[in-house]
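In: What shape does this take:
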Amino acid sequence: MTALAPPRTAADRTGASRHDLVGTGALLRLALRRDRVLVPVWVLVLALLAVQNAAAVEQFYPTAAERAELTASMNANTSMRALYGPAFSSSLGGLAVWEMLTLGSVLAALMSMVVVVRHTREEEETGRQEMLSSAMVGRRAPLTSALLAAVVANAAVAALVALGLLGSGLPAAGSLAAGLALGGTGLVFAAVAALAAQLTESARLAKGLTGAALGAAFVLRAAGDADRADGSSPLAWASPLAWARNLRPYADERFWVLLPMAALAVAGAAAAYALAGRRDIGAGLLAARPGPAAGRIGGPHGLAWRLQRGSLLGWGTGLALAGLVFGGMAEGAGDLLGDNQQSREIIERMGGAQGITDAFLAAMAGLFGMITAIQAAGAVLRMRGEETSGRAEPVLAGAVHRLRWAAGHLLVAFAGSAALLAVCGLAMGTGYGLAAGEPGAVWRVTGGVLAQAPAVWALAGATVLLFGVLPGATGAAWGLVGGALVLGWLGPALDLPQPVMNLTPFTHLPKLPGGDPAAAPYLWLLLVAAAATATGLAAFRRRDVG
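Out: Numbers count the residues shown, from 1 in each chain. Down below sits the predicted model:
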């Protein structure tokens, strides 16, 4: 039952109220207690990522001449700028943040999204917020406590990253700028998540909207950085992810870039506050369509599709746009010939040594596979969300078998991820074919992207295993997927040892297009995915629901 809001006053209509913040402190303490594992782990990963990058740059590029050559190689190539962004300094600190600033900003944004949505929309969706609101809790106290929790998390990120880089012997100003760049980006997307939580009726859709905004920001940054090596492209300045880089740690820091970050974060939070006073608890401003559970959504498969189709559509749109952008850039990878040996080696470690253009396409195929694994894991974890919210129990109390119910969600996870890879492959192949004048290349590129499916399914299968055997630890699935993304993104640039790279299933796949499509790796990964999925389902069949 939805709790009705109290009668609206003139203060409510203006977005403010005397008692709006009552109970904020108690809710903040509750949020920090609930996040006592999640947030510290996320913060430590970001800090260790920064410190490890600094150490790796010093190890693999020990002299100033080598670092200067690497910087020139990166900045001379549009493809590498699209991947990592431009390097504004050839110093040890400048190259350390060049390798991690984009990925670190994305991870900080995802952390903020999880924290804010968890303590706003998820609380309402599960009914806990209605219970809390029956006590002395102000209308905007939950939103305020969630944003304050995000502030605490991002302040910890900024502090630990800055201290870690400072402890690595890097200059204080650049270390502070790098920490503030990550923390500021996180706060921007915390405000975006808060706004999305007011618009939607489900936590999943709120995360989907925030993720779509993050994906659009990434594409804008990539296009802008590919256009200009000095970071001055209007497309780059339209993306908060590029603002973090344009703060320019260790390269004549521009601390004034924090002003637009703060302005956007405050504007987003203010909009969320205004909207929070215009809706009932549990409701969103974008109301779901009413209707009977008949026809295509009358069964568990149709219901799973109805619950997850919005997410698939958002992921598909974002991946298609990104595929077009990177496919169009692939022809520029040929510029790496000649003196840009470091750039060539990085791309070949990512995509194989079968020709620099094919290596770039294969590297992008692997990157899109790792991103798709996030969607697949999320689709599997929707079962846990349905279970903990109490919606699964009434369904399973009827004539619906547990495995039949789970099969609907797993069909979305496995078949949906394959469909996303196909859409992304077609888009990237089309972009490359148009740029290179090879229309027939679309099928070769699409096949290379689709070839990532067994690795995606292996991670999805591991998520099913956690859901069935250790339902209380399903959050570890994000660690598996995030670890694969970090290794796949930064491992080649850091030239990490092969045993470390072998920890991700994507390393074991042939580098397509252009590589040798050996069957054994695909069969082994499919076997791992099938065994993990079957074991997880068998455990789910025997354990208690909830």
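
In: now do the same end-to-end measure for stretch 245-257.
Out: 10 Å (Cα to Cα, to the nearest Å).

In: residues of that stretch that come out buried?
Out: For stretch 245-257, a neighbour-count test (16 or more other Cβ atoms under 10 Å) marks 245, 246, 247, 248, 249, 250, 251, 253, 257 as buried. All C-beta spots, glycine's among them, are computed from the backbone N, C-alpha and C.

In: just curious, which of those is nearest to residue 171?
Out: residue 250 (6.4 Å; Cβ to Cβ).

In: sec struct for the closest one, please.
Out: coil (DSSP: H, G, I helix; E, B strand; the rest coil).

In: Look up phi and psi at it.
Out: Dihedral pair for residue 250: phi 60, psi 20, per degrees, to the nearest 10.

In: any low-confidence regions in the protein?
Out: Within the chain, the ranges that satisfy pLDDT under 70 run 1-19, 77, 79-80, 129-135, 137-138, 280-298, 329-356, 490, 493-495, 546.

In: biggest helix in it, by residue count?
Out: helix 402-436 (DSSP state H).

In: Run through the neighbouring helices and strands of that helix.
Out: Contacts defined by 3 or more Cβ pairs under 8 Å, 6 or more residues apart in numbering; DSSP states H and E place helix 402-436 against helix 300-329, helix 356-388, helix 392-396, helix 441-450, helix 453-469, helix 519-542.

In: I'd like the ones you listed as TSV, with distance to residue 421 appended.
Out: Shown next, in TSV, are those (distance: least, Cβ to Cβ, whole Å):
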stretch	distance to residue 421
helix 300-329	8
helix 356-388	6
helix 392-396	28
helix 441-450	5
helix 453-469	6
helix 519-542	14
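
In: for these, which one sits closest to residue 144?
Out: Closest to residue 144 of those is helix 356-388 (Cβ to Cβ; 24.7 Å).

In: quick check: angle from that closest one to helix 402-436?
Out: 150 degrees (axes from the mean of the first three to the mean of the last three Cα atoms, to 10 degrees).

In: Which phi and psi values does residue 518 adopt?
Out: Dihedral angles (degrees, to the nearest 10) for residue 518: phi -60, psi 140.

In: hang on, isn't it packed against residue 511?
Out: No. Residue 518 lies out of contact with residue 511 (Cβ atoms under 8 Å); the separation is 10.9 Å.

In: and the helix or strand where residue 213 lies, how far from the chain's centre?
Out: Using DSSP states H and E, residue 213 falls within helix 203-227. Distance of helix 203-227 from the chain centroid (Cα atoms, centre = their mean, to the nearest Å) equals 9 Å.

In: repeat for stretch 403-423
Out: Stretch 403-423 sits 19 Å away from the centroid of its parent chain (Cα atoms, centre = their mean).

In: quick revisit: please name whichever of the helices and strands packed on helix 402-436 is nearest to residue 238.
Out: Per Cβ to Cβ, nearest to residue 238 of the helices and strands packed on helix 402-436: helix 300-329, 14.1 Å.

In: The closest one packs against which elements?
Out: helix 78-84, helix 203-227, helix 356-388, helix 402-436.

In: Relative to residue 65, which of these is closest?
Out: helix 78-84 (19.4 Å).

In: can you map out the helices along the stretch 51-200 of the chain?
Out: Counting by DSSP state H, counting those that start in this stretch, one finds helices in the stretch 51-200 of the chain at the ranges 64-75, 78-84, 92-118, 121-126, 128-133, 141-167, 172-199.

In: Distance check, the residue nearest to residue 386 when sequence neighbours are not counted against residue 98.
Out: Ranked by Cβ to Cβ, 6 or more residues apart in numbering and with sequence neighbours excluded, the top spatial neighbour of residue 386 is residue 392, at 4.3 Å. Using Cβ to Cβ, to the nearest Å, we find residue 392 at a distance of 46 Å from residue 98.

In: Who has more neighbours out of those two?
Out: Using other Cβ atoms under 10 Å as the criterion, residue 392 and residue 98 rank with residue 98 on top: 27 against 21.

In: Go ahead and measure how far stretch 144-163 is from the middle of the chain.
Out: That offset, for stretch 144-163, works out to 18 Å (Cα atoms, centre = their mean).

In: For it, list the C-alpha coordinates in CSV.
Out: Extracted as CSV, the C-alpha positions of stretch 144-163 are listed here (Å, rounded to 0.1, in the frame of the first residue of the first chain):
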residue,chain,number,x,y,z
THR,A,144,19.2,14.2,1.9
SER,A,145,20.7,11.3,3.7
ALA,A,146,21.4,9.4,0.5
LEU,A,147,23.1,12.4,-1.0
LEU,A,148,25.2,12.9,2.2
ALA,A,149,26.2,9.3,2.1
ALA,A,150,27.4,9.8,-1.5
VAL,A,151,29.3,12.9,-0.3
VAL,A,152,31.0,10.9,2.4
ALA,A,153,31.9,8.1,-0.1
ASN,A,154,33.3,10.6,-2.7
ALA,A,155,35.2,12.6,-0.1
ALA,A,156,36.8,9.3,1.0
VAL,A,157,37.7,8.6,-2.7
ALA,A,158,39.2,12.0,-3.1
ALA,A,159,41.2,11.8,0.1
LEU,A,160,42.6,8.3,-0.3
VAL,A,161,43.4,8.8,-4.0
ALA,A,162,45.2,12.0,-3.2
LEU,A,163,47.1,10.5,-0.2
